[in-house]
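Peer 1: just coords:
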């Protein structure tokens, strides 16, 4: 893998104009309360370019002259005392072996080296510092990259700051074969855990117990990492898209909507399934379920290079609109928007909602997207979502989730084998 990481870094630097440097942080876990920290989750861009899953590290890529590139990795020095308390920090040789980066420095040298680099560039062409300045919310706390950008503006106003986020998107949005292999492992472990969950559930069970059954089924496979916090929503609660509580009893006759997935080396599976807690769909539940399933089958069949996610979503809307009156739902001025209020797809990869931007709205071979049509009738306490993950190719899309139970017949047959 070190060769893969090295090739990714080289490609990133090829797109940089000299003289420029890119600084990518691995991140750090914030404090939660008292002496407890939140669980650390590595910055996915740092991981993509280094393969290292540790906090308190900095990747520096330098292109000071055309045709000349250099790279450095800053790590914490080994601490024998801390090793006894929380485990050993990564040593230089280990960081070098994983990442393929030869020049390993200690963090304490970063500020001095960075300042010296800027000072030495004053007499040459204007230096550019590339940082990931993307934010999901304007109000979220500044990252280390934002803090460095602020310091540069204050201390070195002549230095140009460039947001490198779009460069990351350009590489990560199309998956390499080795990435698809990792994602397929997540698909298979998720499939097995869903099958065990469906065999375990019964009326009167709490949603959190169902969530625990899924978690236990993953742990039995040696999997600890989830792609995202699981959604387990029974009855009317399934009409809330991002239901989080997972703490209510699911009654006989109700449907359960699960939206969950494991991850393998941070590569995600994102799967939704809906099934009856008692193992048998009612006629109405089956009618709505088959509507959603037919919409998903349509999108998997039609998804192809050159299309946009907006176009795919419009197909779902049109598909539903043609059936609304037949289902008795085109009344009191209601439209599809009253029953379906989210998009059908998003990018998938190292993040569940993988990075993307307006430059990459058109589907291309190598992209992995979700296909997750849903239909939600609050007054009937029916919420249904069916989600598979597909790989866009030059020809037909490949359904990465095709082995996971999803027809009403297959679900009922599987659940009929419960103890």
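Peer 2: Done, it's in. Because the structure is a prediction, the values reported are computed rather than measured.
Peer 1: which element is residue 74 on?
Peer 2: Residue 74 is part of strand 68-75, with elements assigned from DSSP states H and E.
Peer 1: next SSE downstream of that strand?
Peer 2: Secondary structure here is assigned by DSSP H and E; on that basis, the next helix or strand after strand 68-75 toward the C-terminus is helix 80-86.
Peer 1: tell me how far that following helix is from the chain's mean position?
Peer 2: With C-alpha atoms, centre = their mean, to the nearest Å as the basis, helix 80-86 stands 33 Å off its chain's centre.
Peer 1: repeat that for stretch 204-223.
Peer 2: On the basis of C-alpha atoms, centre = their mean, stretch 204-223 sits 21 Å off its chain's mean C-alpha point.
Peer 1: kindly report the same for stretch 156-165.
Peer 2: Per C-alpha atoms, centre = their mean, the displacement of stretch 156-165 from the mean C-alpha position of its chain is 28 Å.
Peer 1: which residues touch the nearest residue to residue 204 once chain neighbours are set aside?
Peer 2: In space, not counting the residues next to it along the chain, residue 204 is nearest to residue 249; the distance is 6.1 Å by C-beta to C-beta, 6 or more residues apart in numbering. Glycine gets a C-beta too; all of them are placed from N, C-alpha and C. For residue 249, the set of contacting residues under the criterion of C-beta atoms under 8 Å, 6 or more residues apart in numbering consists of 204-207, 234.
Peer 1: now that we have these, which one has the most neighbours?
Peer 2: residue 234 (26 neighbours; other C-beta atoms under 10 Å).
Peer 1: residue 212 versus that one, what's the distance?
Peer 2: 15 Å (C-beta to C-beta, to the nearest Å).
Peer 1: quick one: the helices in the protein?
Peer 2: All helices of the chain, identified by DSSP state H, fall at 2-14, 44-50, 80-86, 92-99, 110-120, 144-155, 165-172, 177-200, 207-219, 283-302, 309-321, 408-415.
Peer 1: closest one to residue 333 among these?
Peer 2: Using C-beta to C-beta as the criterion, the shortest distance between residue 333 and the helices of the chain is 13.9 Å, found for helix 309-321.
Peer 1: tell me how many other residues crowd residue 358.
Peer 2: The local packing of residue 358 (other C-beta under 10 Å) involves 7 other residues.
Peer 1: nope, residue 233 is what I was after
Peer 2: A total of 28 residues lie near residue 233 under the criterion other C-beta under 10 Å.
Peer 1: do residue 77 as well
Peer 2: Burial of residue 77 is recorded as 10 neighbouring residues (other C-beta under 10 Å).
Peer 1: and the pLDDT for it?
Peer 2: Reported pLDDT at residue 77 in the predicted model: 93.
Peer 1: got it, and residue 124?
Peer 2: Predicted confidence (pLDDT) at residue 124: the value is 62.
Peer 1: ok, now the one 4 residues further on?
Peer 2: At residue 128 the predicted local distance difference test score is 95.
Peer 1: so who does it touch?
Peer 2: Residues in contact with residue 128 (C-beta under 8 Å, 6+ apart) are 16-17, 19-21, 159-162.
Peer 1: which one of those is nearest residue 49?
Peer 2: Distances from the contacts of residue 128 to residue 49 were compared by C-beta to C-beta; the smallest belongs to residue 16, at 13.1 Å.
Peer 1: low pLDDT regions in this protein?
Peer 2: 122-124 (pLDDT under 70).
Peer 1: nearest spatial neighbour of residue 357, skipping sequence neighbours?
Peer 2: Leaving aside its chain neighbours, residue 357 sits nearest to residue 169 (5.1 Å; criterion: C-beta to C-beta, 6+ apart).
Peer 1: neighbours of that neighbour, how many?
Peer 2: As a burial measure, the neighbour count of residue 169 was computed by other C-beta under 10 Å and equals 20.
Peer 1: now do residue 107
Peer 2: Here the count is done by other C-beta under 10 Å, and residue 107 has 13 residues near it.
Peer 1: that one touches residue 72, doesn't it?
Peer 2: No: counting by C-beta atoms under 8 Å, residue 72 is not a contact partner of residue 107; they are 11.4 Å apart.
Peer 1: on that earlier part again, and the residue nearest to residue 357, what does it touch?
Peer 2: Residue 169 is in contact with 355-357, 359-360, counting by C-beta under 8 Å, 6+ apart.
Peer 1: drop anything exposed from the contacts of residue 128.
Peer 2: Buried positions within those, assessed by neighbour count (16 or more other C-beta atoms under 10 Å), are 16, 19-21, 159, 161-162.
Peer 1: got those residues as JSON lines, with distance to residue 408 columns?
Peer 2: Converted to JSON lines, the buried ones among the contacts of residue 128 look like this (distance: C-beta to C-beta, whole Å):
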{"residue": "16", "distance to residue 408": "53"}
{"residue": "19", "distance to residue 408": "62"}
{"residue": "20", "distance to residue 408": "56"}
{"residue": "21", "distance to residue 408": "57"}
{"residue": "159", "distance to residue 408": "61"}
{"residue": "161", "distance to residue 408": "55"}
{"residue": "162", "distance to residue 408": "52"}
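Peer 1: now, which of the residues you listed sits nearest residue 283?
Peer 2: residue 162 (58.9 Å).
Peer 1: gap between that closest one and residue 62?
Peer 2: Applying C-beta to C-beta, one obtains 14 Å for the distance of residue 162 from residue 62.
Peer 1: check residue 418 too.
Peer 2: Computed as C-beta to C-beta, the residue 418 to residue 62 distance reads 60 Å.
Peer 1: can you check residue 127 too?
Peer 2: The separation that residue 127 has from residue 62, given C-beta to C-beta, amounts to 10 Å.
Peer 1: name the residues contacting each of those two.
Peer 2: Taking C-beta under 8 Å, 6+ apart as the contact rule, the neighbours common to residue 127 and residue 62 are 20-21.
Peer 1: quick one: residues contacting the nearest residue to residue 65 once chain neighbours are set aside.
Peer 2: Leaving aside its sequence neighbours, residue 65 sits nearest to residue 18 (C-beta to C-beta, 6+ apart; 5.3 Å). By C-beta under 8 Å, 6+ apart, residue 18 lies in contact with 63-66, 68, 125.
Peer 1: just the buried ones out of the contacts of residue 169, please.
Peer 2: 355-356, 360.
Peer 1: okay, those residues in TSV with distance to residue 230 next?
Peer 2: Compiled in TSV, the buried ones among the contacts of residue 169 are given as follows (distance: C-beta to C-beta, whole Å):
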residue	distance to residue 230
355	22
356	24
360	29
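Peer 1: out of the residues you listed, list just those in strands.
Peer 2: Counted as lying in strands by DSSP state E, out of the buried ones among the contacts of residue 169, is not a single one.
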